[in-house]
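In: My questions concern the predicted model and sequence given below.
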Amino acid sequence: DLILGGGREIFAAEKKEGRRDLEKEAEKLDYTLVFDRAGLENFPAWNTRRLLGLVAPDALPLATSGGEAGTIRLADLLRRSIETLAYNLLGYFLVVDHPLVAAAAGQNQAELAVRQLHELDRAVETARKYAGKNALILVYCPYSVGGFQFLEKSKDTATSNRRLSPLSWHNGPGKKGSDPTAFSTGRPAAPSAGFGWVAAYGRGSEQISGIMNPGELHAILSRQL
């Protein structure tokens, strides 16, 4: 069992309010706990049965152009996950969620959204490098978060002085970002989970391309396991 991500403050809040000490409970269940880059890089992958990594106080931070020293990237989490799960002789199934593109899009931060796509690209490349020849790697996007618009510089001197970003997200320049957490379909997940774009690499990938529904993917993955 392997869980890596953010949310340590949620664990701390449970303990502070006198409800549960979730970190201690995890240790009793034989989980190895890691909280920073040193812990992530140094735990013995060959001898770790269960792993819980809380490497950010809340959600994982949006990737910026430079990044602070010691910042843990999505590709780092993926690499250590594969290095650990590779010791399962019967194989493994790893799910990686990357909601940061949608988070940046919801703020109408186009360039920031592109950086999150670069993070995803690095993670996919890491998976291709470490997963091995028998692995099937899927990238699945079940919903859209809008699109880009590219603004040409106006020839009209009356408008050319306006400070408009040449690259903006779908809701246009000058618009305030929306709160992606405030949206709710009001419906359970099953009937609202529709078709999505999918790409694949590795064993069995010839069966997967284009637009597919979750049921088709489930059937293909079931045959792979």
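Out: Looks like it came in fine. Residues are numbered from 1 along each chain as shown.

In: so what's the residue nearest to the spatial centre of the chain up against?
Out: The centroid of the chain falls nearest to His98 when counting by C-alpha atoms, centre = their mean (1.6 Å). Taking C-beta atoms under 8 Å, 6 or more residues apart in numbering as the contact definition, His98 lies against Leu74, Gln116, Glu119, Leu120, Ala123. For every residue, glycine as well, the C-beta is placed using N, CA and C.

In: Export those residues as JSON lines, with columns for neighbour count.
Out: What follows is the contacts of His98, written out as JSON lines (neighbours: other C-beta atoms under 10 Å):
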{"residue": "Leu74", "neighbour count": "22"}
{"residue": "Gln116", "neighbour count": "21"}
{"residue": "Glu119", "neighbour count": "19"}
{"residue": "Leu120", "neighbour count": "19"}
{"residue": "Ala123", "neighbour count": "20"}
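
In: for this protein, what spans make up the strands?
Out: Taking DSSP state E as the criterion, the chain contains strands spanning 2-5, 31-34, 50-54, 136-141, 149-150, 167-168, 196-202, 210-212.

In: mind putting these in JSON lines, mean pLDDT and mean neighbour count included?
Out: Output for the strands of the chain, formatted as JSON lines (pLDDT from 0 to 100; neighbours: other C-beta atoms under 10 Å):
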{"stretch": "strand 2-5", "mean pLDDT": "93", "mean neighbour count": "18"}
{"stretch": "strand 31-34", "mean pLDDT": "94", "mean neighbour count": "19"}
{"stretch": "strand 50-54", "mean pLDDT": "93", "mean neighbour count": "21"}
{"stretch": "strand 136-141", "mean pLDDT": "90", "mean neighbour count": "16"}
{"stretch": "strand 149-150", "mean pLDDT": "58", "mean neighbour count": "12"}
{"stretch": "strand 167-168", "mean pLDDT": "56", "mean neighbour count": "16"}
{"stretch": "strand 196-202", "mean pLDDT": "90", "mean neighbour count": "16"}
{"stretch": "strand 210-212", "mean pLDDT": "89", "mean neighbour count": "12"}
